[in-house]
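Colleague: no sequence on this one, just coordinates:
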């Protein structure tokens, strides 16, 4: 199996920071683990996207901020299998 990363049909290096700032990993809903929570999914995406020197504490802060911006605090720890969550 082989692949390449392309933007507007131009091959790019995904390790290049200029490229990484333009793209994001977004898991398709069929590839999200049904036992995962929004918090876990966002944290996973952050770990995949951010530089490896980003600390777990920094990722936790960014995850909380993203959950707040998306209005998902009330269901941040509810597994996707239980969705739709009850609105509180």
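Modeller: Looks like it arrived, so ask away. Quick caveat: nothing in here was measured; it's all calculated off a predicted structure. Numbering: from 1, shown residues only.

Colleague: Helices of the chain, start to end?
Modeller: All helices of the chain, identified by DSSP state H, fall at 17-20, 38-49, 56-69.

Colleague: Going by mean pLDDT, which of these comes out lowest?
Modeller: Lowest mean pLDDT of these: helix 17-20, a mean of 85.

Colleague: Against which helices or strands is that one packed?
Modeller: Contact partners of helix 17-20 among helices and strands, from 3 or more CB pairs under 8 Å, 6 or more residues apart in numbering; DSSP states H and E: none. Where C-beta positions appear, they are placed from N, C-alpha and C, glycine not excepted.

Colleague: Check the helices of the chain for me and report the most buried one.
Modeller: Highest mean neighbour count of the helices of the chain: helix 38-49, a mean of 17 (counted as mean count of other CB atoms under 10 Å).

Colleague: Which strands or helices does it pack on?
Modeller: Helix 38-49 sits against helix 56-69, with contacts defined as 3+ CB pairs under 8 Å, 6+ apart.
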